[in-house]
Structures are given as C-alpha cells and as structure tokens.
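kindly return the folded structure for what I paste below:
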Amino acid sequence: MGVTTISPAFLSAYLLLLLCLVCSLKEGYAFGRRETAKSHHLQHSHTIQVSSLLTSSFCSPSAKAFDKRSSLPVVHKHGPCSQLHLDKANIPTHAEILLHDEARVKSIHSKLAKNPGSSNVVETDAARLPAKDGSVLGSGNYIVTVGLGTPKKYLSLIFDTGSDITWTQCQPCARSCYKQQDPIFSPSLSSSYSNISCTSTVCNSLNSATGISPGCSSSACIYGIQYGDSSFSIGLFAKETLTLTSTNVFDSFLFGCGQNNQGLFGGAAGLLGLGRDKLSLPSQTALKYKKFFSYCLPSSASSTGFLTFGNGGLSKSVKFTTLSTISQGSSFYGIDITGISVGGQKLSISTSVFTTGGALIDSGTVITRLPPTAYAALRSAFRKQMSRYPMAKPLSILDTCYDFSKYSSVIVPKLSFFFRGGVEVPLDAKGILYVNSISQVCLAFTRNSDDTDVAIFGNTQQKTLQVVYDGAGGRIGFATRGCT
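A predicted model of the protein is given here:
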C-alpha cells in the first residue's frame, strides 16, 4: 500500500475539532461543578415565601392529632389562638419583648453566679416581700389551660421550664392583683383547698424552689417569688386538686395562692413550673409520669402546639442527648452544645467555647444566647450567605437584620445545632429568623457578654421541634416536625 498524504486542510480541521472537544469538556466540567454547587446550596437552604413571615390575624390550629388524655394545647399568649389576645391594648411590641427577654437572661446569669443561700426577704406589713436579688426567672411566652379546685376552675397559665413553683392569683387580693382574662381563683369556693403550715418541712423546701426563705402568717406558710423584670407573686402556699386532663387529676398538688401579684404576665392567671426542683409539676407527678414530658411550640403565634405528660405520642425520630447539671442552677435543664452548622458547613468553633460556661434549654427565653466567640462565627457565616439581601437597622439585641420588602421569596441558609453524643438538631426556618416587619427580619440569635456566661437554647429555636424531657432518665430529646 502507498503512504497516505494528510492534506493541510484536513489537519487544520482535525485540530480545530479537537480543540472544540477540549473546550466543550472544560465547559461541561465547569457547568457540572456549578450545578453541583447550586444543588448543594439549595439542599442546605430554606426557600421562604416572604408573605409567610407575617403572623396571621386568624388562628390556624395544628392538624396534628394529639392524645387529649395526656396532652394540653399550647398557644402563644399574644397570638389569635389565645383568649388573652383579646386584650390587644396590652400586647407588647417586639422591642419590648426583647427587652423583657434580656432582663430574664440577665437574671438567670445572676442566679447562676450567686452563692447558694444568699437570697433574702424584706419585711413589710402585708407580707414578706422578696428583695431584688430573690428568685430571678421570667414569665415566658406560651400558655396552657388547666383546672384547679373542686369544682375545677379553668386557668390559663404560662408554662416555664425555668421555673419550679406553680402559682395563680387568688381571691381576696390582699394587696393587689394584675388584670387577668380568667376569673381569679377563689379558694373559699373549693372543697379541696387547704393551706400548708409554716412549721412543715414542705414549707421549708420553698427556699430551693423560689430562692427566697418562706414566711409565716397565722401559722400559714407564705411564699414569695420575684422575676427578672421585677414582677412578683406573694401569697399562701397551699395544696389543691389539679386537673391536667379529664383522666389526669392530682390531689394535694402544692402551689402558690397569690395574694399580692404585680407584673408583666400578659393576662395569664399565673405560672406552671416545669423545672427540676422537687416542688415542680414534673416532680410532684413523678409517680405517674416518671418526670417525663414533651412539648412542641407552634411555628407562629397564629398556630397551636402541645404539652404532653408521660411518654405517649413520642415521635420515633426523637434523638436523645444527656442532661447536664448547671452549677448553682440544679433546677435548670442543662445541655451540652458541641457545634453549629450554617448552610451545611460546620463552623470552626472549639468545643471549649461551649464548655466554659455550659448551656441550658429554656422554654421562657425567646432568643438563644451564645458565647461571644460562637456568635461571632455564626454571624459571620450567616451574613456571608445572606450577602445578596440589603441589611436593615438592628432590632434591640439583634444586630443582623435584613430588608425583604422588595422580595417575594428569600433563600436562607439552614442551621443545625449539635449536642453531646453526636445529636444533630436542624432548626426550622421559623427558628432562624425573628420578624419585626418585612423590612426588618433578623437573625434570631445574640451574644452573651462573656464566654463564661451560660448559653441558653431559647424558644424561637425550639419552634416546631418536639422537645422531650426525660427527667428520670437524665436525658433530653429532639425530633423535627413535632407539631405536624
């Protein structure tokens, strides 16, 4: 065979085709990388309709069917699902809510920094009024309705994992009672009411539950409790029949019958204490419920959640982490935070940042508090991924806010918290943002003043999670989509 001669025209065309194929492969590889990055971004982001950020003026109860034999509906005290919402004149602004939240957090930090036994009381002619450094908790945001007395009277109480004693306003108001939506409880109309003697051991146990030494009036035990915003309740320590549900009735339940009450309780009749002290509701009902309860806080103030006693209706997807004990705060539910991720990327935060001050979970604190070092990393990563949106002015303690007024939908990076034992808890989209208005939507986290202050996992971040407290088992669990 003869030697084939390759023409210059063919060689030129061949080389051009080869170059085009190389370019095409490069472009295809680049396109593939872009598509992979885009897919990763969408996988680790929430796409939120801006209109959904606003709270509806109508109540939309959760579609989840819960067991009414052991569960109570949970509503936000200022939302349309609450009867307290009828008093619209007294609904606080978001700035006021955050201000009260800051007072609660400062008081929790103050309590944890104190030496045990340092609480005191001040004598007055009416009762032993707690001094400003008395029990230093707060009044929370979510309410349930329970029955008290025989015959039972229904009362709307704020439930609070950061408080131990349960109390309600009582007739006659010896000094003062704030305005509440329900009729004020009258012990004289109940056949099952009785006072606790001030010489009894249970009266002396008030010290650990309230941080204040009990008083005595005509041999009756007097309790006093003061909150971070200077709200307080003082009255008779008593026992009464408590009706949680139609099949869950408890005789001789210890509670405070408030004769002198002042403060910002939003029209609620009092408070339901779900802390870890022996006078808390979980401890008093431990024979039946084994200190086991769970709740789901609704996604917005216009929806409903639940509070369940006992381990019925537990999601199969609950992941548990170990409860820890906070120094000087044995009634709080301690948890061990080990990390945070933003947009699928775990932040570079040393675990020692979280262990220095420790952490607790609290149903009454609105905004999660983080060590300054951890918050700086979170804020930086969040701002970087939100750089396409115009920033808005800060809202009180919240310094990372955005103006979404020109958008119909926004893309927000997903956030997860990690707890001891490798437990990852993805936050709902409503648990990432705090909305004052469409033009001021903020990252719902803030910093403590120091890395040594205890971190607090607040109720905004807990929205739509089923949060499970197993006091006897020494653990706490989380499951997503808990209200649906």
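
where do the helices sit along the stretch 301-450 of the chain?
In the stretch 301-450 of the chain, the helices defined using DSSP state H, counting those that start in this stretch lie at 351-357, 372-385.

show me what contacts T400?
Contact analysis of T400 by CB atoms under 8 Å, 6 or more residues apart in numbering lists R379, F382, R383, M391, P394, C442, L443. (Each C-beta comes from the backbone N, C-alpha and C, glycine too.)

filter those residues to the buried ones?
Neighbour-count burial (16 or more other CB atoms under 10 Å) is assigned, among those, to R379, F382, C442, L443.

confidence score at the second one?
The score at F382 is 98. That number is its pLDDT.

thought it was touching V342?
Yes: using CB atoms under 8 Å, F382 is in contact with V342, at 5.7 Å.

what mean pLDDT does stretch 275-290 have?
Stretch 275-290 carries an average pLDDT of 96.

can you redo the buried ones among the contacts of T400 as CSV with distance to P282?
Formatted as CSV, the buried ones among the contacts of T400 follow (distance: CB to CB, whole Å):
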residue, distance to P282
R379, 36
F382, 35
C442, 33
L443, 33
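
for those residues, which one is nearest I212?
In terms of CB to CB, no member of those lies closer to I212 than C442, at 35.9 Å.

let me see the contact set for that closest one.
Contacts of C442 were listed using CB under 8 Å, 6+ apart, and they are A392, P394, L395, L398, D399, T400, C401, Y402, L433, Y434, V435, N436.

let's go with 6 Å and repeat that
Residues in contact with C442 (CB atoms under 6 Å, 6 or more residues apart in numbering) are L395, L398, C401, Y434.

what about R369, how many neighbours?
Number of residues near R369 (other CB atoms under 10 Å) recorded here: 28.

now it, nearest residue through space, not along the chain?
I456 (4.4 Å; CB to CB, 6 or more residues apart in numbering).

residue ranges in this structure under the pLDDT threshold?
Filtered on pLDDT under 70, the chain yields the residue ranges 1-41, 63, 65-66, 85-90, 114-140, 229.

same thing but 80
Scanning the chain for pLDDT under 80 picks out 1-42, 62-69, 83-91, 114-140, 227-230, 264, 266, 313, 327-329, 484.

re earlier: separation between the residue nearest to R369 and R104?
Distance of I456 to R104, given as CB to CB, to the nearest Å: 9 Å.

so what touches stretch 49-57?
With CB under 6 Å, 6+ apart, stretch 49-57 has contacts from P80, S300, A301, S302, F404, Y407, S408, S409, V435.

could I get the residues you listed as JSON lines with distance to L279 and neighbour count?
Output for the contacts of stretch 49-57, formatted as JSON lines (distance: CB to CB, whole Å; neighbours: other CB atoms under 10 Å):
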{"residue": "P80", "distance to L279": "34", "neighbour count": "19"}
{"residue": "S300", "distance to L279": "33", "neighbour count": "20"}
{"residue": "A301", "distance to L279": "30", "neighbour count": "20"}
{"residue": "S302", "distance to L279": "34", "neighbour count": "20"}
{"residue": "F404", "distance to L279": "46", "neighbour count": "22"}
{"residue": "Y407", "distance to L279": "50", "neighbour count": "16"}
{"residue": "S408", "distance to L279": "51", "neighbour count": "8"}
{"residue": "S409", "distance to L279": "49", "neighbour count": "11"}
{"residue": "V435", "distance to L279": "37", "neighbour count": "20"}
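
among those residues, which pair sits farthest apart?
P80 and Y407, at 26.0 Å, using CB to CB across the contacts of stretch 49-57.

hmm, back to that, any residues in contact with both of I456 and R104?
T365.

leaving out the residues flanking it, which one is nearest to F419?
T321 (4.0 Å).

check R276 too.
In space, and not counting its chain neighbours, R276 is closest to S331: 4.8 Å by CB to CB, 6+ apart.

I figured the one you found was touching L274, is that so?
No: with contact defined as CB atoms under 6 Å, S331 does not reach L274; the gap is 10.0 Å.

inside strands: which ones of the contacts of stretch 49-57?
S409, V435 (DSSP state E).

now the contacts of stretch 49-57 in JSON lines, with distance to S52?
What follows is the contacts of stretch 49-57, written out as JSON lines (distance: CB to CB, whole Å):
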{"residue": "P80", "distance to S52": "16"}
{"residue": "S300", "distance to S52": "9"}
{"residue": "A301", "distance to S52": "13"}
{"residue": "S302", "distance to S52": "11"}
{"residue": "F404", "distance to S52": "11"}
{"residue": "Y407", "distance to S52": "12"}
{"residue": "S408", "distance to S52": "11"}
{"residue": "S409", "distance to S52": "9"}
{"residue": "V435", "distance to S52": "10"}
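
quick check, nearest of the contacts of stretch 49-57 to K316?
Distances from K316 to those, taken by CB to CB, are shortest for S300, at 25.9 Å.

distance of the closest one from K430?
From S300 across to K430, the span is 7 Å (CB to CB).

and the closest residue to C177 other than its chain neighbours, its phi and psi?
Leaving aside its sequence neighbours, C177 sits nearest to Q169 (CB to CB, 6+ apart; 4.8 Å). Main-chain torsions, Q169, degrees, to the nearest 10: phi -70, psi 140.

what is the burial count for Q169?
Neighbours around Q169, by other CB under 10 Å: 26.

contacts only, for it.
When contacts are counted by CB under 6 Å, 6+ apart, Q169 touches C177, I184, G258, N261.

so it bridges to which residues?
G258 (DSSP bridges).

quick check: it vs H46, distance?
To H46, Q169 is 42 Å away according to CB to CB.

residues near G224, how many?
Other residues lying near G224 total 29 when counted by other CB under 10 Å.

that one touches L236, doesn't it?
No: contact criterion CB under 6 Å: G224 and L236 do not qualify, at 11.1 Å.
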